[in-house]
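Here is a sequence with its predicted model. Questions after.
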Amino acid sequence: MTRREAVAFGAALSAAAQVPAGTGYWKITPELIAAHDAGVDDLLKRQTVDAPSPWRGGIPDRYGLHNGGSAASTVLSLVTCLTQPGSRHYTSDLVQERLKLALGFLERKLTPDGNVDLLFTNLNSPPDTAFSMYAMCPAVHLARKANKPEIERAVAPLMKRMADAIARGGVHTPNHRWVMCAALAQSHALFPTAAWLKRVDDWLMEGIDIDADGQYSERSTSGYNTVVDRALVVTATKLGRLQLLDPVQRNLDSLMYLLHPENEVVTEISKRQDQYTRGSVNAYWIALRTLALKDGNGQYETLARLGRPSLAELMEYPELTAAGPEPKPIPTDYEKVMPAVGIARIRRGDTSATVMMGGDGELSGCEAALDVTDGYLLPTGKEATLRVGSDQIRFGPGRADHQYTQVRGAEAKLPGRSVYLTGYAPFDHTMEFKW
């Protein structure tokens with residue numbers, strides 16, 4: 001399962017259409033099961049089964065790449081129907097055989113450390129392994145709950161190996177810390193292990209990176225905010241640490257004032273790749289539903305009903321299928337200043353505006369790059385400084401062997417200022433960031 005699949009909150013094969021009102025929004029229905037079975041049918045068609053193929057058991061992505069971690073979502077999809085009596089695949093020999101192929105592929109593609117490779121960006125990656133555990137741990141959970149020891153015995157060894165790797169590994173971005181916690185919390189709930197729990201405690205000692213306006217440090221309103229909320233909800237649930245729901249509540253309260261008409265999420269404030277994209281609240285589902293039930297919050301329930309929980313989620317967390325509070329309207333007429341984020345939000349029914357306040361600091365020590373707006377080169381051996389108010393970050397040393405920065409075929413420059421290093425392959429350069 002790749003990071004972007006996880007950000008999208010669940011593999012497509014496990015996703016199901018929203019259950020219509022009048023039948024119980026979160027009830028497991030024949031229609032829900034049929035939607036999952038249809039996804040499995042498609043999965044079986046796309047799975048590589050040729051015996052000589054090194055990709056046997058995997059499923060290619062749109063580029064023809066077989067990521068090891070994607071096999072985890074295959075495992076969960078297959079285990080879900082094998083543990084759901086209402087599924088037409090419940091006793092399928094074919095699905096059981098394909099599960100073995102998927103597990104074999106995943107085992108072959110794990111690195112010696114026990115991690116998955118995300119082929120287009122992260123190799124031997126503990127965080128991407130942690131995202132994959134959102135599939136591996138539920139697969140073991142569902143097998144155990146359904147009294148299917150043969151399935152648990154098949155999945156658990158790989159799950160444990162991956163958990164050990166996560167407990168030893170580091171992270172790339174702020175949200176990864178909490179995904180690692182969720183992975184290890186799920187693993188510990190299934191197979192209590194002191195080293196896994198200690199690593200969770202180590203990460204949590206850093207403190208949750210949430211500001212006074214209820215935004216996590218990446219401010220990724222349609223992407224990594226949902227990742228953090230999900231991770232904290234899962235960790236709180238699996239370890240019984242309900243205090244971890246407090247930052248989730250603060251983030252959801254902030255979300256109420258970050259919605260355009262038709263519940264499109266405001267993404268202007270994001271520091272990640274979802275900035276200026278159209279976002280939805282779908283991926284907030286588990287956080288919204290959990291807190292709606294816990295606090296009797298009808299506004300959370302309103303937004304939760306826009307989400308699409310998977311069959312596997314409803315089977316793993318049956319408590320989330322309970323009848324909850326009556327939906328209540330979300331705010332649509334307000335002025336809301338968010339000083340920590342640096343914006344003001346104004347909403348008048350179907351009219352919505354975001355006012356960006358202040359500048360983005362003073363950058364010194366760099367030189368303007370050629371043929372690019374807001375692009376800068378950091379000269380070789382030099383250090384740059386970014387000052388915002390009384391705060392500053394220094395970084396360097398730079399490297400500028402040439403002035404070519406807009407590489408043909410590379411992703412376009414993101415909005416805002418960018419500082420470039422330039423050189424020739426093989427490129428090996430170390431920078432330090434000081435604050």
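That came in fine, so what should we check first? Residues are numbered from 1 along each chain as shown.

can you pull the contacts of the closest residue to Ser418 other than its chain neighbours?
Among residues not flanking Ser418 along the chain, Gly375 sits closest, at 5.3 Å (CB to CB, 6 or more residues apart in numbering). In short, each C-beta sits where N, CA and C put it, glycine included. With contact set as CB atoms under 8 Å, 6 or more residues apart in numbering, Gly375 has these partners: 368-369, 405-406, 413, 417-418, 420.

go again using 6 Å as the cut-off
With contacts defined as CB atoms under 6 Å, 6 or more residues apart in numbering, Gly375 is in contact with 369, 405, 418.

Likewise for Glu152?
140, 143-144.

can you give me the helices in the stretch 201-350 of the chain?
Ranges of helices in the stretch 201-350 of the chain, per DSSP state H, counting those that start in this stretch, are 224-239, 245-255, 285-295, 298-304, 311-316.

quick one: contacts for Asp37?
Residues in contact with Asp37 (CB under 6 Å, 6+ apart) are 87-89.

Give me the secondary structure label for it.
Going by DSSP: H, G, I helix; E, B strand; the rest coil, the secondary structure assigned to Asp37 is helix.

Kindly report the same for the one 4 residues further on.
With three-state DSSP as the basis, Asp41 sits in helix.

How many residues are close by it?
12 (other CB atoms under 10 Å).

what does Asp391 give?
9.

Please tell me how far it sits from Ala340.
13 Å (CB to CB, to the nearest Å).

does the closest residue to Cys366 other than its chain neighbours sit in a helix, a strand or a coil?
Sequence neighbours aside, Tyr376 is the residue nearest to Cys366 in space, at 3.7 Å (criterion: CB to CB, 6+ apart). Classification of Tyr376 by three-state DSSP places it in strand.

residues contacting Tyr376?
Counting by CB under 6 Å, 6+ apart, Tyr376 has contacts 366, 369, 419.

which one among those gets closest to Met256?
Val419 (35.6 Å; CB to CB).

Now do the same for the residue nearest to Leu118 when sequence neighbours are not counted: helix, strand or coil?
Spatially, and ignoring its direct neighbours in sequence, Leu118 is nearest to Asp128 (4.5 Å; CB to CB, 6+ apart). Assigned state for Asp128: helix (three-state reduction, three-state DSSP).

ok now do Asp128, which residues does it touch?
69, 116, 118, 122.

now do 7 Å
Each residue near Asp128 by CB atoms under 7 Å, 6 or more residues apart in numbering is listed here: 3, 69, 116, 118, 122.

Report the two of those separated the most.
Pairwise distances across these peak at 10.9 Å for Arg3 and Val116 (criterion: CB to CB).

returning to what we had before: how close does the residue nearest to Ser418 sit to Pro415?
Separation of Gly375 from Pro415 (CB to CB) stands at 12 Å.

Could you give the number of residues near Met205?
Using other CB under 10 Å, Met205 has 7 neighbouring residues.

circling back: how about JSON lines for the contacts of Asp37, with pLDDT and secondary structure added?
Formatted as JSON lines, the contacts of Asp37 follow (pLDDT from 0 to 100; DSSP: H, G, I helix; E, B strand; the rest coil):
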{"residue": "Ser87", "pLDDT": "97", "secondary structure": "coil"}
{"residue": "Arg88", "pLDDT": "97", "secondary structure": "coil"}
{"residue": "His89", "pLDDT": "97", "secondary structure": "coil"}
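
which one of these has the most neighbours?
Taking other CB under 10 Å as the neighbour criterion, His89 ranks highest of the contacts of Asp37 with 21 neighbours.

so what's it closest to, chain neighbours aside?
Leaving aside its chain neighbours, His89 sits nearest to Cys81 (4.0 Å; criterion: CB to CB, 6+ apart).

What is the host helix or strand of the one you found packed up against?
Secondary-structure assignment from DSSP states H and E places Cys81 in helix 70-82. In terms of contacts (3 or more CB pairs under 7 Å, 6 or more residues apart in numbering; DSSP states H and E), helix 70-82 is packed against helix 30-46, helix 93-109, helix 126-145, helix 149-168, helix 311-316.

returning to what we had before: just the buried ones out of the contacts of Glu152, please.
With burial judged by 16 or more other CB atoms under 10 Å, the buried subset of these is 140, 143-144.

wait, which of those residues is closest to Lys160?
Val140 (9.3 Å).

pLDDT at the closest one, what is it?
pLDDT recorded at Val140 is 98.

Highest mean neighbour count out of the helices and strands packed on helix 70-82?
Of all those, helix 126-145 carries the top mean neighbour count, a mean of 26, counting by mean count of other CB atoms under 10 Å.

mind checking how far that helix is from the chain centre?
The chain centre lies 14 Å from the centre of helix 126-145; the measure is CA atoms, centre = their mean, to the nearest Å.

do stretch 145-157 as well
Centroid displacement of stretch 145-157 relative to its chain, using CA atoms, centre = their mean, is 26 Å.

Could you export it as PDB, CA atoms only?
The C-alpha coordinates for stretch 145-157 follow below in PDB (Å, rounded to 0.1, in the frame of the first residue of the first chain):
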ATOM      1  CA  LYS A 145     -12.000 -12.700  15.000                       C
ATOM      2  CA  ALA A 146     -13.500 -15.100  12.400                       C
ATOM      3  CA  ASN A 147     -11.700 -18.100  13.900                       C
ATOM      4  CA  LYS A 148      -9.600 -18.700  10.800                       C
ATOM      5  CA  PRO A 149      -6.300 -19.800  12.300                       C
ATOM      6  CA  GLU A 150      -4.900 -20.900   9.000                       C
ATOM      7  CA  ILE A 151      -5.200 -17.400   7.600                       C
ATOM      8  CA  GLU A 152      -3.700 -15.900  10.800                       C
ATOM      9  CA  ARG A 153      -0.700 -18.300  10.600                       C
ATOM     10  CA  ALA A 154      -0.200 -17.300   6.900                       C
ATOM     11  CA  VAL A 155      -0.200 -13.500   7.500                       C
ATOM     12  CA  ALA A 156       1.200 -13.100  11.000                       C
ATOM     13  CA  PRO A 157       4.900 -13.900  10.400                       C
END
